[in-house]
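> missing the sequence, but the structure's below:
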């Protein structure tokens, strides 16, 4: 079948960075082939042009290819026209084409005092405070829900909390997703709804400095 015929090429993609262009238009490739190809593409640093138009990859194949895009620093042109791609597959491209975003890391402090079973039973809002136990719980909840609670307890989106819970530092370069390198994308003749199509156009021009005319939908 198609999957077996494509397997040697997928293996070559995983180990051979010399391959620059791959064209399998009108090859009747099903979705499971797209999934295997997406797996092979992840980390490939040589392929610049991939044409999979007029196949039957569907949402499953589109999801696999889209998930590999930020791991293919050399891929510039991708053609997935007429593959039966719907909203699910298109949404994966919205995410892949968008701007790079830092990951937020939260490291639990190893020096945090142990929580007693009784405090766990009272819920996350309980905090030791003045007065008898029933008033302590209300005091703790008011501290959590009060608008005047210390803002330092809410770390900014581009930082993470170090062990100890007090220090903040910017996310390192390794924690930032790479920007998708595509400069040409074709998704016409698929089953993408208007709302998702609009989101795709926005992601295409805002995720990187791309030519709007190089995106065909």
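Received, thanks. In this text the structure is predicted, and so the values were computed from the model without any measurement.
> for the chain, which spans come out with low pLDDT?
Applying pLDDT under 70 to the chain picks out residues 1, 100-177.
> Now do the helices in it.
2-15, 31-41, 58-68, 87-97, 117-121, 133-145, 194-206 (DSSP state H).
> what's the third one packed up against?
Spelled out, it's helix 58-68. Secondary-structure packing of helix 58-68 (3 or more C-beta pairs under 8 Å, 6 or more residues apart in numbering; DSSP states H and E): helix 31-41, helix 87-97. For every residue, glycine as well, the C-beta is placed using N, CA and C.
> got CSV for the ones you listed, with distance to residue 77 and mean neighbour count too?
Listed next are those as CSV, based on distance: least, C-beta to C-beta, whole Å; neighbours: other C-beta atoms under 10 Å:
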stretch, distance to residue 77, mean neighbour count
helix 31-41, 13, 21
helix 87-97, 14, 20
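> quick one: residue 72 from residue 87, how far?
24 Å (C-beta to C-beta, to the nearest Å).
> Ok, residue 98 next?
For residue 98, the distance to residue 87 - C-beta to C-beta - is 17 Å.
> sorry, back to before: I'd like the helices and strands packed on helix 58-68 written out as a markdown table, with distance to residue 2 added.
Formatted as a markdown table, the helices and strands packed on helix 58-68 follow (distance: least, C-beta to C-beta, whole Å):
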| stretch | distance to residue 2 |
| --- | --- |
| helix 31-41 | 5 |
| helix 87-97 | 19 |
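> Make sure residue 63 is actually in contact with residue 92.
Yes - between residue 63 and residue 92 there is a contact under C-beta atoms under 8 Å: 4.8 Å.
> Would you convert the helices of the chain into CSV that also reports distance to residue 216?
Rendered in CSV, the data for those read as follows (distance: least, C-beta to C-beta, whole Å):
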stretch, distance to residue 216
helix 2-15, 25
helix 31-41, 19
helix 58-68, 15
helix 87-97, 13
helix 117-121, 56
helix 133-145, 50
helix 194-206, 10
